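J.: Next comes the sequence, and after it the predicted model I'd like to discuss.
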Amino acid sequence: MEAIELTETGVDIHQLIKERWSPRAFSSKKIPEALLKEIFTAASWAASAMNEQPWHYIYAENGTEGFEKLWSCLNPTNQIWTKNVPVIFAAFYHQNYRLNGKPNRAAMHDLGMANAQLLLQATSTGVYGHLMGGFDSGKLTETLETSNDLVPVVMGVLGYPGDPEKLEEPFRSRELKPRTRLSLDEFVEKV
């Protein structure tokens, strides 16, 4: 796939937001290390409560032992379409503030902000990401031997767009289906 089809949003929003989407068809083309650094740096500049920056990422490139470790934690359905992606990662948050050890109630929200910036930065460079909740969090923390303070929230993959015709069903149909969103009156209220 050479170009990403833009979605009609009904109002004028930033082009980058229109372009961001979560494909399942990825090329196996390697992402340069410098570009990965840019993408993760964008995550680091997300807003966070008390500037805590509670996010933590662990990533690996395809063809490495690290990739196999992370990939093995995905649900079998997600393993089908992710086996050839160039980069896989897990996104965690620190559940307690580093400063005082108290619970950080905003940490998951702040990780979400970081993930959004990561995806938008990736999109701006022609790299796309797909976040997944379908993984075994217990296996992930055990496999990576993470600290008890780190909570896994999502796993994700990064890569350049690939050919959706190469996907197995039902992924091919999902990939080609038009993108939709709820209308504003379904989730925004003015009081």
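T.: Arrived safely, thanks for sending. These figures come from a predicted structure and were not determined experimentally.
J.: Okay, now the unreliable bits of the protein?
T.: Low-confidence segments of the chain, defined by pLDDT under 70: 1-6.
J.: Give me the number of neighbouring residues for the closest residue to residue 176 other than its chain neighbours.
T.: Once flanking residues are discounted, residue 176 sits nearest to residue 164: 5.7 Å by C-beta to C-beta, 6 or more residues apart in numbering. For every residue, glycine as well, the C-beta is placed using N, CA and C. Counted with other C-beta atoms under 10 Å, residues neighbouring residue 164 total 16.
J.: As a check, name the ranges of all strands in the chain.
T.: Applying DSSP state E to the chain gives strands spanning 55-61, 87-94, 128-132, 150-159.
J.: ok, now which ones touch the residue positioned nearest the centre of the chain?
T.: What sits nearest the mean C-alpha location of the chain, by C-alpha atoms, centre = their mean, is residue 131, with 3.5 Å. Under the criterion of C-beta atoms under 8 Å, 6 or more residues apart in numbering, the neighbours of residue 131 are 22, 91, 115, 119, 154, 155, 156.
J.: Repeat the analysis, applying 10 Å as the threshold.
T.: By C-beta atoms under 10 Å, 6 or more residues apart in numbering, the contact list for residue 131 reads 22, 89, 91, 112, 115-116, 118-119, 153-157.
J.: Dump the residues you listed into TSV; add neighbour count and distance to residue 190 as well.
T.: Listed next are these as TSV, based on neighbours: other C-beta atoms under 10 Å; distance: C-beta to C-beta, whole Å:
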residue	neighbour count	distance to residue 190
22	14	30
89	21	38
91	22	33
112	18	24
115	21	28
116	16	24
118	25	31
119	24	29
153	17	31
154	18	31
155	27	37
156	24	34
157	27	38
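J.: Which two among the residues you listed are spaced furthest apart?
T.: 112 and 157 (17.5 Å; C-beta to C-beta).
J.: where's the nearest residue in space to residue 77 that is not next to it in sequence relative to residue 125, distance?
T.: Nearest residue to residue 77 in three dimensions, chain neighbours excluded: residue 134, at 6.3 Å (C-beta to C-beta, 6+ apart). Between residue 134 and residue 125 the distance is 26 Å, computed by C-beta to C-beta, to the nearest Å.
J.: Give the buried residues for stretch 145-154.
T.: Under the neighbour-count criterion of 16 or more other C-beta atoms under 10 Å, stretch 145-154 has 146, 149, 150, 151, 152, 153, 154 buried.
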